[in-house]
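Peer 1: need a 3D model of the following:
(one chain, ligands or ions: 4)
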Amino acid sequence: LSLRNDLRRALERGEFVVYYQPQLDMASGQVAGAEALVRWRHPERGLVPPGSFISIAEDSGLIVPLGEWVLHQACHDAAGWNAAGHQVGVAVNLSALQFKRGNLEDSVRAALHQSGLGAHRLELELTESILIKDTENVLAKVRRLHAIGVELSIDDFGTGYSSLSYLQRFQVDKLKIDQSFVRALTREQDSAAIVTAVIQMARSLNLRTIAEGVEDEETLAVLRSQGCDQVQGFLHARPMPVEDFREYLARRD
Ligand code: G
Ligand code: G
Ligand code: MN
Ligand code: NA
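Peer 2: Ligands and ions are numbered 1, 2, ... in the order given. Coordinates of the predicted model:
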């Protein structure tokens, strides 16, 4: 039984589901949006987390159609939240192969058009590994995505090849501070120093920051005092199915 062969069939059979994890605005306490996180409802194995299949999907190339499906689903769901009166965005993870292979610009335009979601409500999460390869080509693609009006963020910031020059070159909007630093924030001096430095640098470059992996009130308080803009983590909510996220939004109004 190979996951690789199963993956293609799973996409055809509609076995993937998108979960949503809330992202909260630090100043207002309001829900600013959600990150879309794919899961596989495997008929025998149950709910399979992305850590077990994303890298296989990347090796086989299936991440391109899978990522496109997630993009369409996320835009469709987010358009529904906005139609229901909740002004929230959705953030979608992009794999390096989607950047390299697929016609990402067309996919993004189509997903926005078909769902009716406003471009400013969609955020694309890039990784540092996307930005360091084939820089000129990637730069042109990033510019075209920006021209559509979507938001761009760098995921897992601080774990990759953090060349500060590309923050300027790529004109991203937001840095997602990696959860390894956030979770150690109140225990390790080095992590605290890194988080402080990232937030201060982002502020002086006019970039927004979101801290991932916020699990306790003490961490939240430190992030607040440092001027972090948004938080995401188990303290507020775990990733949840779309029905639950809709209820979550309604409850908080
Ligand atoms: O939800 P969870 O914490 O298990 O996610 C694990 C990893 O899977 C994260 O690094 C996340 O970025 C990645 N991931 C989740 N959904 C997607 C997706 O739709 N596309 C890509 N490329 N990665 C995803
Ligand atoms: O790599 P990426 O940032 O896309 O991964 C997000 C992943 O982090 C999701 O799989 C989500 O389940 C997980 N996550 C989100 N918040 C927390 C948290 O507070 N603690 C832990 N341990 N994991 C978290
Ligand atoms: Mn992410
Ligand atoms: Na991340």
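Peer 1: ok, the closest residue to residue 100 other than its chain neighbours to ligand 4 distance?
Peer 2: Using CB to CB, 6 or more residues apart in numbering and skipping the chain neighbours, the partner closest in space to residue 100 is residue 134 (7.4 Å). C-beta here means a position set from N, CA and C on the backbone, and glycine is covered the same way. The gap separating residue 134 from ligand 4 is 22 Å, by CB to the ion, to the nearest Å.
Peer 1: any idea how far residue 134 lies from residue 104?
Peer 2: 14 Å (CB to CB, to the nearest Å).
Peer 1: next: residue 186.
Peer 2: From residue 186 over to residue 104 (counting by CB to CB), the distance is 38 Å.
Peer 1: tell me the contacts of residue 42?
Peer 2: 6, 10, 15, 48 (CB atoms under 8 Å, 6 or more residues apart in numbering).
Peer 1: give me the pLDDT value at it.
Peer 2: Model confidence at residue 42, expressed as pLDDT, equals 92.
Peer 1: report the beta-bridge partner residues of the residue nearest to residue 150 when sequence neighbours are not counted.
Peer 2: Nearest non-adjacent residue to residue 150, counting by CB to CB, 6+ apart: residue 122, 4.7 Å away. Beta-bridge pairing for residue 122 (DSSP bridges): residue 90.
Peer 1: neighbours around residue 122, how many?
Peer 2: The tally of other residues near residue 122 (other CB atoms under 10 Å) stands at 27.
Peer 1: name the residues of the stretch 151-253 of the chain found near ligand 4, please.
Peer 2: For the stretch 151-253 of the chain, the residues in contact with ligand 4 (CB under 5 Å from the ion) are 155, 156, 212.
Peer 1: for residue 31, what are its contacts?
Peer 2: Residue 31 touches 22, 23, 24, 25, 86, 88, 248, 249, 252, counting by CB under 8 Å, 6+ apart.
Peer 1: same thing but at 10 Å, please
Peer 2: 22-25, 81, 86-89, 236-237, 245, 248-249, 252-253 (CB atoms under 10 Å, 6 or more residues apart in numbering).
Peer 1: swap in residue 126?
Peer 2: Per CB under 10 Å, 6+ apart, neighbours of residue 126: 93-96, 99, 138, 142, 145, 152-155, 170, 172, 176.
Peer 1: 7 Å - rerun?
Peer 2: Residue 126 sits next to 94, 152, 153, 154, 155 when contact means CB atoms under 7 Å, 6 or more residues apart in numbering.
Peer 1: what is the burial count for the first one?
Peer 2: Residues near residue 94, counting by other CB under 10 Å, number 22.
Peer 1: for the remainder of this discussion, apply numbering that starts at 773.
Peer 2: Sounds good: first residue 773 from here, last item residue 866.
Peer 1: from ligand 1, how far out is it?
Peer 2: 6 Å (CB to the nearest ligand atom, to the nearest Å).
Peer 1: same deal with the second one?
Peer 2: Here the distance between residue 924 and ligand 1 works out to 15 Å (CB to the nearest ligand atom).
Peer 1: surely that residue and residue 896 touch.
Peer 2: Yes: assessed by CB atoms under 7 Å, residue 924 is found in contact with residue 896 at 5.5 Å.
Peer 1: done for today, thanks.
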